[in-house]
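Q: Here's my sequence, what's the structure:
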Amino acid sequence: MSELSPAGDAATKTREEHKIAPGDTERYAHYVRKNKLTESNVTGKAVIALCGKVWIPVRNPEAFPVCPECKKIYAQMKGGGENS
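A: So this is what the prediction gives:
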């Protein structure tokens, strides 16, 4: 699996229904594949987070908490989730 980084694209699972209210995704840093984040920085293309959020990253993700849905999905991908 490719390395992931808070901020961009890694849609390896289909988007599930979330308990995050509309607009809340703007308050979080999201996990994305590093290569997609780099590509976005060069080309300006949108990326897809693990949670399904699609956007063009332009802000410092370190200034925001990590999206709880991205964090949960990433933990499951690494074998550290509840279902492992």
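Q: burial measure for Lys77, as a count.
A: One correction, residue 77 is Met, not Lys. 16 (other CB atoms under 10 Å). Yep, even glycine has a C-beta here, placed from its N, CA and C like the rest.
Q: wait, Pro68
A: As a burial measure, Pro68 scores 14 neighbours (other CB under 10 Å).
Q: From Cys51, how far off is it?
A: From Pro68 over to Cys51 the distance is 9 Å, taken as CB to CB, to the nearest Å.
Q: for Glu62, same thing?
A: Going from Glu62 to Cys51 by CB to CB gives 18 Å.
Q: Please say which of those two ends up with more neighbours.
A: Taking neighbours as other CB under 10 Å, Glu62 and Cys51 compare with Cys51 leading, 24 against 8.
Q: From what I see, that one and Lys71 are in contact.
A: No - contact criterion CB atoms under 8 Å: Cys51 and Lys71 do not qualify, at 9.1 Å.
Q: Check the gap between Met77 and Val54 for me.
A: 19 Å.
Q: From Trp55, how far off is Gln76?
A: For Gln76 relative to Trp55 (CB to CB), the value is 23 Å.
Q: neighbour count winner among these two?
A: Set side by side, Gln76 and Trp55 show more neighbours around Trp55, with 18 against 15, by other CB under 10 Å.
Q: residues contacting the more buried one?
A: Applying CB atoms under 8 Å, 6 or more residues apart in numbering, one finds that Trp55 lies in contact with Ala46, Val47, Ala49.
Q: Pull up the gap between it and Arg27, please.
A: 13 Å.
Q: do the same with Glu62
A: 14 Å.
Q: What segments of the protein are helices?
A: Using DSSP state H, the helices of the chain run over residues 34-43, 68-77.
Q: Just say which of those is most tucked in.
A: Most buried of the helices of the chain, by mean neighbour count (mean count of other CB atoms under 10 Å): helix 68-77, with a mean of 18.
Q: Output the contacting helices and strands for that helix.
A: strand 31-33 (3 or more CB pairs under 8 Å, 6 or more residues apart in numbering; DSSP states H and E).
Q: What is the strand it packs on packed up against?
A: Using 3+ CB pairs under 8 Å, 6+ apart, strand 31-33 sits against strand 4-6, helix 68-77.
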